[in-house]
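1. Got a predicted structure here, sequence first:
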Protein chains: 2
Amino acid sequence: MKNISKEDYLSEIYKNSDENGQVKANLIAEKLQVSNAAVTDMLKKLKREGQIKYEPYRGVELTSKGKEYAKNMVRRHRIWEVFLHQIVGLPWDKVHDEAHHLEHSGSDELINKMEEMLNFPQFDPHGDPIPSKLGIVPEQKHNVALSNLKQNQKGVVIRVNDFDNNFLIYISQIGIKLKKEIKVCEVLNFDKSILVEIDGKKNNLSRTIAENIFVEIKK
Amino acid sequence: MKNISKEDYLSEIYKNSDENGQVKANLIAEKLQVSNAAVTDMLKKLKREGQIKYEPYRGVELTSKGKEYAKNMVRRHRIWEVFLHQIVGLPWDKVHDEAHHLEHSGSDELINKMEEMLNFPQFDPHGDPIPSKLGIVPEQKHNVALSNLKQNQKGVVIRVNDFDNNFLIYISQIGIKLKKEIKVCEVLNFDKSILVEIDGKKNNLSRTIAENIFVEIKK
DNA sequence: AATAAAATTTAAGGATACTTAAGTTTGTAT
DNA sequence: ATACAAACTTAAGTATCCTTAAATTTTATT
Ligand SMILES: [Mn+2]
Ligand SMILES: [Mn+2]
Ligand SMILES: [Mn+2]
Ligand SMILES: [Mn+2]
């Protein structure tokens, strides 16, 4: 087990790439909670290994080799999440932290066996796509942040951000889960919070919460 | 996850303690496949932390703190083994290597949940005892190495050593598993190999193989 | 184009966990 | 009691992954 850090860097670069596949060094530092200097160090190592394209002061970009590695890590993480949720019965607010450690252990054969056991899931418990053994990433339904909906629009939850456990616990409590329909009743001009209806019950969601829930807009 | 090495040292000290709880430094080096010098280094660190009693040139001994930590690691390892065997369906020759990595990840809560799911198993797939949450180690039935049996004695397999996958694959192939009865038909003076009967079929086992299978002697 | 601010790298250093080679201590054999 | 080999530790050095502080490059502002 020598590559835990490297693997985390590669995953994070993959997950934070923009449309052109570029990432800023400092964004990686922030996501991984390390200093900018640590990132520079690691980027040099990853470049030496041919995992990334990197010129000092410019952004970072995965090479095809690096992207393959990164996608496999994301795959491992998300399969662990589904496994922990469906087989072990952990709630969706617990699986990310456990998977973050487990993703670095267990052979690829074990991951493949778990995937088969789970009947080849396409998405993790938060709606994120799971790259296949061959590196193919399932297409998401077209979705937008709930905060973008106008009054009286309805959306079906496709994905939620998984990095804050309390956020996940909270939205579960008010009935939000994948595939649930949410109707926006009112957008408050005061603080841009929104009043939504879920299962016939009304709730006020802060803008920040609404920005972390992604829905397919229903006509 | 910063303690992987330390955890491996503690487990190994625990598993290799003699009747007086003592272990020789070089035995740890051999088991962990590192240099003797590396062991000396780590022993100093573990002593500083109060996990072991250690005086240079004398043996090592776990303190109660160290023993508690070590037993928990052994518990984690063995629960992972049972889980991988029973839930994921891995054969007994695959579980040790996977568990050796997984034992360092996953919260204690996850381990406890898996244990419950497995209905609190007392022994792992190789017959090794699983310490409880409270640190209580289940008693093994009295057993001896198969190599100690005399001609015409019968034994029931209680435990097998799990550190060599090919050994496990081989003995599975000839029908040996936990609870299986084995009869010693003949001990060959030539090389101390033994002729055994399993399910009515005869097989010759080398002394080395017989030394790694432990049986309860049947009258 | 000059200047200031922001982003990023370099420099120096620390902890962990190894390595090999060179001592030191211990126990055994004569 | 001495000598010697085996067991063990110390010394010196390496790789990884991190830190803070200082320097540099880029970018935005005037
Ligand atoms: Mn996740
Ligand atoms: Mn993760
Ligand atoms: Mn094992
Ligand atoms: Mn192990």
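-> Happy to help now that I have it. Numbers count the residues shown, from 1 in each chain, chains lettered A, B, ... in the order given. Ligands and ions are numbered 1, 2, ... in the order given.
2. any idea how far residue A:119 lies from ligand 2?
-> Between residue A:119 and ligand 2 the distance is 23 Å, computed by C-beta to the ion, to the nearest Å. Yep, even glycine has a C-beta here, placed from its N, CA and C like the rest.
3. nearest spatial neighbour of the closest residue to ligand 3 within chain A, skipping sequence neighbours?
-> Relative to ligand 3, the nearest point of chain A is residue A:105 (14.4 Å; C-beta to the ion). In space, and not counting its chain neighbours, residue A:105 is closest to residue B:101: 3.7 Å by C-beta to C-beta, 6 or more residues apart in numbering or on different chains.
4. Looks to me like the one you found is in a helix.
-> Yes: the assignment for residue B:101, made by DSSP: H, G, I helix; E, B strand; the rest coil, places it in a helix.
5. Is it in contact with residue A:110, as I believe?
-> No: using C-beta atoms under 8 Å as the test, residue B:101 is too far from residue A:110 to be in contact (9.6 Å).
6. higher neighbour count, those two?
-> Comparing residue B:101 with residue A:110 by other C-beta atoms under 10 Å in any protein chain shown, the one with more neighbours is residue A:110, at 22 against 18.
7. State whether that one is indeed within a helix.
-> Yes: using three-state DSSP, the assignment for residue A:110 is a helix.
8. near chain B, which residues of chain A show up?
-> Counting by C-beta under 8 Å from any C-beta of the partner chain, chain A comes close to chain B at A:1, A:4, A:84, A:87-90, A:97-98, A:101-102, A:104-107, A:110, A:113-114, A:117.
9. Now a ChimeraX select for only the buried ones of those.
-> Here the buried members of the residues of chain A next to chain B are turned into a ChimeraX selection, burial being counted by 16 or more other C-beta atoms under 10 Å in any protein chain shown:
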select /A:4,84,87,88,90,97,98,101,102,104,105,106,110,113,114,117
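10. taking the residues of chain A next to chain B one by one, which sit in helices?
-> A:4, A:84, A:97-98, A:101-102, A:110, A:113-114, A:117 (DSSP state H).
11. Need the residues you listed in a markdown table (columns: distance to residue A:15 and pLDDT).
-> A markdown table is the format used below for those (distance: C-beta to C-beta, whole Å; pLDDT from 0 to 100):
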| residue | distance to residue A:15 | pLDDT |
| --- | --- | --- |
| A:4 | 17 | 96 |
| A:84 | 19 | 98 |
| A:97 | 16 | 97 |
| A:98 | 18 | 97 |
| A:101 | 17 | 97 |
| A:102 | 17 | 97 |
| A:110 | 23 | 98 |
| A:113 | 25 | 98 |
| A:114 | 21 | 98 |
| A:117 | 26 | 98 |
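12. could those go into TSV alongside distance to ligand 4?
-> Converted to TSV, those look like this (distance: C-beta to the ion, whole Å):
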residue	distance to ligand 4
A:4	18
A:84	22
A:97	23
A:98	20
A:101	17
A:102	16
A:110	15
A:113	20
A:114	20
A:117	23
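13. can you tell me which of the residues you listed lies nearest to ligand 1?
-> residue A:97 (8.5 Å).
14. roughly how far apart are that closest one and residue A:168?
-> Distance, residue A:97 to residue A:168, using C-beta to C-beta, to the nearest Å: 11 Å.
15. could you say what helices and strands the helix or strand encompassing residue A:167 packs with?
-> For residue A:167, the host element (DSSP states H and E) is helix A:165-173. Contact here means 3 or more C-beta pairs under 8 Å, 6 or more residues apart in numbering or on different chains; DSSP states H and E; on that basis helix A:165-173 packs against strand A:154-160, helix A:207-211.
16. now what about the shortest one, what contacts it?
-> Around helix A:207-211, the neighbours that count as contacts under C-beta atoms under 8 Å, 6 or more residues apart in numbering or on different chains are A:145-147, A:167, A:170-171, A:191-194.
17. and what of stretch A:103-118?
-> Contacts of stretch A:103-118 (C-beta under 8 Å, 6+ apart): A:1, A:3-4, A:7, A:11, A:72-73, A:75-77, A:79-80, A:82-83, A:86-87, A:121, A:133, B:1, B:84, B:88-90, B:97-98, B:101-102, B:104-105.
18. What number of residues are in the vicinity of the residue nearest to residue A:73 when sequence neighbours are not counted?
-> Closest residue in space to residue A:73, ignoring its immediate chain neighbours: residue A:11 at 4.5 Å, by C-beta to C-beta, 6+ apart. If you count neighbours by other C-beta under 10 Å, residue A:11 ends up with 22.
19. can you check residue A:82 too?
-> Neighbours of residue A:82 (other C-beta under 10 Å): 22.
20. How about residue A:120?
-> 11.
21. What pLDDT does the model give it?
-> The model reports residue A:120 with a pLDDT of 98.
22. Could you check how far the closest residue to ligand 4 within chain A is from residue A:153?
-> Ligand 4 sits closest to residue A:105 of chain A, with a gap of 11.7 Å, by C-beta to the ion. Distance, residue A:105 to residue A:153, by C-beta to C-beta: 44 Å.
23. Dig out what the residue nearest to residue A:59 when sequence neighbours are not counted forms beta bridges with.
-> Once flanking residues are discounted, residue A:59 sits nearest to residue A:22: 4.2 Å by C-beta to C-beta, 6+ apart. Beta bridges link residue A:22 to residue A:61, judged by DSSP bridges.
24. Let me see the domain layout of chain A.
-> A:6-62, A:72-140, A:144-218 (automatic domain parsing).
25. hmm, back to that, so which of the ones in helices among the residues of chain A next to chain B comes closest to residue A:53?
-> Closest approach to residue A:53 among these (C-beta to C-beta): residue A:4, at 23.1 Å.
26. any idea how far that closest one lies from DNA strand D?
-> 6 Å (C-beta to the nearest atom of the strand, to the nearest Å).
27. Excluding chain neighbours, what is closest to that residue?
-> Nearest one to residue A:4, counting by C-beta to C-beta, 6+ apart, is residue A:104 at 4.8 Å.
28. Tell me, what's the model's pLDDT at the one you found?
-> Per-residue pLDDT puts residue A:104 at 97.
29. Cool, thanks, signing off.
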